[in-house]
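1. Mind folding the following:
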Amino acid sequence: MELRHLRYFEAVARHSHVTRAAAELHIAQPALSKQISQLERELGITLFDRVGRSLRLTEAGEALLPYARAILAQVEEARAAMAERIGLKAGRVTIGAPPTVGAHLLPPLLTIFHQRYPGITLRLHEAGIQSLLDLLEAGITDLAVVALPVADEQLTVTPLLNEPLVLIVSTTHPLARRSEVMMTELRHERWILSPASYELREATLKACREAGFTPQTVLEGGETETLVRFVAAGLGVSLVPALAVAGCTDVVRLTVSDQHLTRSLGLVWRSDRTASPAARALREFLVNEVRQRPIETFIRP
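-> The predicted structure follows:
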């Protein structure tokens, strides 16, 4: 049984006449009669009684009609739903991001996106980089903002921005009156480090090595926001992405003048999966919006 058979059957049942149904369907009357006969042969039952030039549903035809109409209605609903998604009047998209990105980069951008596409439901997963890649692999998220580089041939990677890594100290720290510092001055500081699997930790250790020392670690572990709180309490100093302290008054951030320390952020998604119209729209929106804005828009104190 094919969908066209049900459409032809419903039209004939509604008109009780093959010629009028054929005119509505824009097919020849003999062709329509042939299609109805094919349907009857396939089902092994007579659907219409011929009464002169008119047709009347048999008991079997009356039983089939509500099913045919329900199926045709569902098909139309499916087409309408797809049309809405193509027109971005409906849909759903899930994005993953590290906590600093979720807290400081995405809120203004996703607000604008929602205003532009109010029918699209947005979902956010905040996690570390490896967890975000796992979520992409599992199909739980459609796309993610991650620190680059990432080594996965199945991912499409689009760079978004480079943000500086800054040194943060408490407001009572001797360096708090300054705006910049050299890494070589930080040999005797107590350091607060990210967990072992975080790229920020490796960036900190590398910067210290290039300055000629191994950091004196007073605390390690915890998300970036937690590290900021420990720095604010005066436990030690830390290198963090500028996004992590955007608008934060509990710590003082200093530019590292003798090294070029940055974190590259990119948008990634699975290249081996078909993206929904909503996901494609969010991808294009984020790339266009972030690239046309200066980094200071997101990291100003």
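2. Could you find the closest non-adjacent residue to residue 49?
-> In this structure, residue 49 finds its nearest non-sequential neighbour in residue 56, 4.8 Å apart by Cβ to Cβ, 6 or more residues apart in numbering. The way it works is simple: take the backbone N, C-alpha and C, and place the C-beta from them, glycine included.
3. residue contacts, that neighbour?
-> For residue 56, the contact set (Cβ atoms under 8 Å, 6 or more residues apart in numbering) comprises 16, 48, 49.
4. Could you pull up the contacting residues of the first one?
-> The neighbours of residue 16, taking Cβ under 8 Å, 6+ apart as the test, are 54, 55, 56.
5. try residue 242
-> By Cβ under 8 Å, 6+ apart, the residues touching residue 242 are 163, 164, 165, 166, 253, 295, 299.
6. wait, which of the contacts of residue 16 is closest to residue 269?
-> Comparing the contacts of residue 16 against residue 269 with Cβ to Cβ places residue 55 closest, at 53.9 Å.
7. So what's the residue count around the closest residue to that closest one other than its chain neighbours?
-> Distances taken as Cβ to Cβ, 6+ apart place residue 48 nearest to residue 55, at 4.2 Å, with adjacent residues excluded. Close neighbours of residue 48, defined as other Cβ atoms under 10 Å, add up to 20.
8. so who does the spatially most central residue of the chain touch?
-> The chain has residue 95 as the residue nearest its centroid, 3.1 Å off, counting by Cα atoms, centre = their mean. Residues near residue 95 by Cβ under 8 Å, 6+ apart: 106, 122, 123, 124, 125, 141, 142, 143, 144, 145, 282.
9. Show me what the helix or strand harbouring residue 31 is packed up against.
-> Assigned by DSSP states H and E, residue 31 belongs to helix 29-43. Counting contacts by 3 or more Cβ pairs under 8 Å, 6 or more residues apart in numbering; DSSP states H and E, helix 29-43 is packed against helix 3-15, helix 18-25.
10. could you check the angle helix 18-25 makes with it?
-> 100 degrees (axes from the mean of the first three to the mean of the last three Cα atoms, to 10 degrees).
11. Pull the residues that contact helix 29-43.
-> Residues outside helix 29-43 that contact it (Cβ under 8 Å, 6+ apart): 1, 4-5, 8-9, 12, 18-19, 21-22, 25, 46-48, 60, 64.
12. count of residues packed around the nearest residue to residue 109 once chain neighbours are set aside?
-> Once flanking residues are discounted, residue 109 sits nearest to residue 289: 5.5 Å by Cβ to Cβ, 6+ apart. Around residue 289 there are 15 other residues, counting by other Cβ under 10 Å.
13. if we can go back for a sec, okay, and which of the contacts of residue 242 map to strands?
-> Under the assignment DSSP state E, the contacts of residue 242 contribute 163, 164, 165, 166, 253 to strands.
14. Contact partners for the nearest residue to the fourth one once chain neighbours are set aside?
-> Counting by Cβ to Cβ, 6+ apart, residue 253 is the residue found nearest to residue 166 once chain neighbours are left out, at 4.3 Å. When the contact criterion is Cβ under 8 Å, 6+ apart, the partners of residue 253 are 166, 167, 168, 242, 245, 301.
15. same thing but 7 Å
-> 166, 167, 168, 245 (Cβ atoms under 7 Å, 6 or more residues apart in numbering).
16. can you tell me which of these lies nearest to residue 216?
-> Nearest to residue 216 among the contacts of residue 253: residue 167, at 14.8 Å, using Cβ to Cβ.
17. ok, residue 193 to residue 95 distance?
-> Shown here: residue 193 relative to residue 95, a distance of 28 Å by Cβ to Cβ, to the nearest Å.
18. in the stretch 151-300 of the chain, what spans have low per-residue confidence?
-> Low-confidence regions of the stretch 151-300 of the chain, defined here as pLDDT under 70, do not occur.
19. which stretches of it form strands?
-> In the stretch 151-300 of the chain, the strands defined using DSSP state E, counting those that start in this stretch lie at 155-170, 180-181, 190-193, 216-220, 238-241, 251-256, 262-270.
20. before we move on, could you check phi and psi at residue 123?
-> Residue 123 adopts backbone torsions of phi -130, psi 140, taken as degrees, to the nearest 10.
21. number of nearby residues for it?
-> Other residues near residue 123 number 12, with proximity taken as other Cβ under 10 Å.
22. ok, back up a step: of the contacts of residue 56, closest to residue 221?
-> Ranked by distance to residue 221 (Cβ to Cβ), those are led by residue 48 at 76.3 Å.
23. gap between that closest one and residue 39?
-> Residue 48 sits 10 Å away from residue 39, going by Cβ to Cβ.
24. Do a quick rundown of the helices in this protein.
-> 3-15, 18-25, 29-43, 59-86, 99-100, 106-116, 129-138, 199-210, 224-232, 277-291, 296-299 (DSSP state H).
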